[in-house]
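Novice: I'd like to go over a predicted model; first the sequence, then the structure.
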Amino acid sequence: MRRQLDPCQVANLAYERLNDGGVLVSCMERSGRANLITVSWWLFGWFYHSRPISVIAIRRDRFSHGLLEEVPEFVVSVPTAEIRAAVDFCGSRSGRDHDKFAETGLTAVPSYHVAPPSVAQCPVNYECRVYEGVHPPHGLLTPEHRALPRDRQHTIYFAEVLGVYSGAE
Ligand SMILES: Cc1cc2nc3c(=O)[nH]c(=O)nc-3n(C[C@H](O)[C@H](O)[C@H](O)COP(=O)(O)O)c2cc1C
């Protein structure tokens with residue numbers, strides 16, 4: 001069994017990465033094929049339904065957006081500096097054209113509560129199930145994003161955190 005972690009105690013590790021290369025979000029097609037997307041838009045809080053909440057914003061033209069609509073679950077996997085090249089790869093290539101696990105050498109390990117896999121090389125993996133995806137309130141959008149057609153803007157996914165685990169035993 002991989003180590004269970006306290007979601008609040010390890011949130012700092014994730015926040016440190018957001019502005020330094022981003023964190024990984026693992027998601028999955030209904031067929032079972034998994035994908036990784038790098039994100040810097042992540043919020044975590046302890047204030048909802050007695051479970052922590054995890055919020056990501058994914059642009060509708062990302063391959064990952066379609067996957068989240070198919071399987072509304074994801075894992076926020078917090079990388080270390082050692083796998084920075086893999087994180088950059090996942091943030092600049094699309095799962096439409098690449099098998100990002102295979103091409104980066106990152107190892108998918110089964111998650112405990114959700115279908116998308118966790119990442120063995122990541123010391124912290126937040127397993128999340130989507131409550132709802134919402135269109136961003138107008139005031140939240142930057143002028144650049146406001147100018148985009150709606151189908152290229154973000155969906156903000158609010159999710160409950162079902163458990164947090166290390167990537168390896
Ligand atoms: C540091 C960094 C942060 C990013 N943050 C986000 C984000 O929060 N939301 C988003 O939709 N895309 C974000 N991206 C862009 C996606 O990671 C990128 O477009 C990726 O290739 C999409 O992969 P996909 O098509 O397989 O989903 C970010 C990229 C980088 C490098």
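Specialist: Yes, it's here.
Novice: In the protein, what residue lies closest to the ligand?
Specialist: Closest approach between the chain and the ligand, counting by C-beta to the nearest ligand atom: residue 91, at 2.8 Å. (Glycine included, C-beta is placed from N, CA and C.)
Novice: so where is this protein shaky, pLDDT-wise?
Specialist: 48-49 (pLDDT under 70).
Novice: who in it is up against the ligand?
Specialist: 21-22, 35, 37-41, 57-59, 62-64, 91-95 (C-beta under 6 Å from any ligand atom).
Novice: ok, of these, which come out buried?
Specialist: 21-22, 35, 37-39, 57-59, 62-64, 93, 95 (16 or more other C-beta atoms under 10 Å).
Novice: Mind checking which of the residues you listed are in helices?
Specialist: Among those, DSSP state H puts 63-64 in helices.
Novice: Export the buried ones among the residues of the chain next to the ligand to CSV and append columns for distance to residue 71.
Specialist: CSV is the format used below for these (distance: C-beta to C-beta, whole Å):
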residue, distance to residue 71
21, 26
22, 22
35, 11
37, 14
38, 19
39, 17
57, 18
58, 13
59, 18
62, 15
63, 13
64, 11
93, 21
95, 13
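Novice: Roughly how far does the closest residue to residue 80 other than its chain neighbours sit from residue 5?
Specialist: Take residue 80 and drop its neighbours on the chain: the residue closest to it by C-beta to C-beta, 6 or more residues apart in numbering is residue 123, 6.5 Å away. Noted for residue 123: a distance of 9 Å to residue 5, by C-beta to C-beta, to the nearest Å.
Novice: all helices of this structure, in order?
Specialist: 11-18, 63-70, 84-90, 100-104, 143-146.
Novice: Just the C-alphas of the fourth one, formatted as PDB.
Specialist: Just to be clear, that refers to helix 100-104. The C-alpha trace of helix 100-104 is given here as PDB (Å, rounded to 0.1, in the frame of the first residue of the first chain):
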ATOM      1  CA  LYS A 100       2.500  10.900 -22.700                       C
ATOM      2  CA  PHE A 101       3.100   8.100 -20.100                       C
ATOM      3  CA  ALA A 102       5.100   6.000 -22.700                       C
ATOM      4  CA  GLU A 103       7.000   9.000 -24.100                       C
ATOM      5  CA  THR A 104       8.000  10.600 -20.800                       C
END
